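>>> coords below, sequence missing:
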């Protein structure tokens, strides 16, 4: 691939990564509520979801949302329902990191990874974002379009993870500073629940094409 194309794509990816969006809000809220480890695990889940969208784009399936309008709405409402379920869990569950049991903490991290993954996968706007951005930097004449897509996706994921890593570190400082016991844990869960609910509402009302 042309080095100039890679440079321009990297610049565009950096500009997009530093722009606050649902993924950044989610990892920041998770870090503030449950600490940096939870934030980084959430980001790993989000990155895995983005990689999934890149694979779907490489296979040409993202165009399904353009060819079948109902498919877009179906995935959008499924994503909103999942986020509302996470909001309900945040409001009703106890602090999963309050226990010192390593098995409990490991289970919690797996759950957090899964939540980050599905919150990204079930957002059809991410698929459309890939479909709108990536073709501008592809060169059909050189062939291997799927390989070019995966290279660009790798660049985007690295930049996105780096920017969100800074956000996670800063947000995690809030928990380290304000971690004063049960009261903080309780209100941080409510805050996380509100974030999930807000993302669900955004997906429903602002996700219409």
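Arrived safely. The structure displayed is predicted, hence computed values, not measured ones. Numbering: from 1, shown residues only.

>>> only C-alpha atoms for contact and neighbour calcs from this point on.
Will do.

>>> residue 55 reaches residue 151, doesn't it?
No: with contact defined as CA atoms under 8 Å, residue 55 does not count as touching residue 151 (11.0 Å).

>>> could I get the full set of helices for the chain?
For the chain, the helices identified by DSSP state H occupy 3-17, 22-34, 36-58, 64-67, 69-92, 102-121, 124-133, 145-178, 182-205, in order along the chain.

>>> quick one: the second one to helix 36-58, angle?
With axes from the mean of the first three to the mean of the last three CA atoms, to 10 degrees defining the directions, helix 22-34 sits at 160 degrees from helix 36-58.

>>> which residues touch helix 22-34?
37-40, 42-43, 46, 97, 120, 164, 167-169, 171-175, 185, 188-189, 191-192, 195-196, 199 (CA atoms under 8 Å, 6 or more residues apart in numbering).

>>> could you redo the last one with a cut-off of 7 Å?
For helix 22-34, the external contacting residues (CA atoms under 7 Å, 6 or more residues apart in numbering) are 38-39, 42-43, 164, 167-168, 171-172, 174-175, 188-189, 192, 199.

>>> wait, which of those residues is closest to residue 68?
Checking the contacts of helix 22-34 against residue 68 with CA to CA, the nearest one is residue 199 at 24.1 Å.

>>> check the gap between residue 124 and residue 153 for me.
For residue 124, the distance to residue 153 (CA to CA, to the nearest Å) stands at 17 Å.

>>> can you find the helix or strand of this structure with the lowest average pLDDT?
For the chain, counting by mean pLDDT, DSSP states H and E, helix 64-67 ranks last in confidence among helices and strands (a mean of 68).

>>> need the pLDDT of the residue in the chain sticking out farthest from the centre.
In the chain, residue 141 marks the outermost C-alpha relative to the chain mean, sitting 32.6 Å out by CA atoms, centre = their mean. With respect to pLDDT, residue 141 scores 77.

>>> who are the contact partners of it?
Applying CA under 7 Å, 6+ apart to residue 141 gives no contacts.

>>> what do you get for residue 161?
Residue 161 touches nothing, counting by CA under 7 Å, 6+ apart.

>>> do residue 5 as well
Under the contact definition (CA under 7 Å, 6+ apart), the residues listed for residue 5 are residue 137.

>>> adjust the sequence numbering to begin at 712 for everything that follows.
Okay, using 712 as the starting number, the last item reads as residue 716.

>>> now stretch 737-755: mean pLDDT?
Averaged across stretch 737-755, the pLDDT comes to 91.

>>> quick check: buried residues in that stretch?
Taking 16 or more other CA atoms under 10 Å as the basis for neighbour counts, the residues of stretch 737-755 that come out buried are 737-747, 749-755.

>>> again, but for stretch 782-789
Applying a neighbour-count criterion of 16+ other CA under 10 Å, one finds 783, 784, 786, 787, 788, 789 buried in stretch 782-789.

>>> same question for stretch 766-773.
For stretch 766-773, burial by neighbour count (16+ other CA under 10 Å) applies to 766, 767, 768, 769, 773.

>>> cool, and stretch 715-722?
Neighbour-count burial for stretch 715-722 flags 720, 721 (criterion: 16+ other CA under 10 Å).
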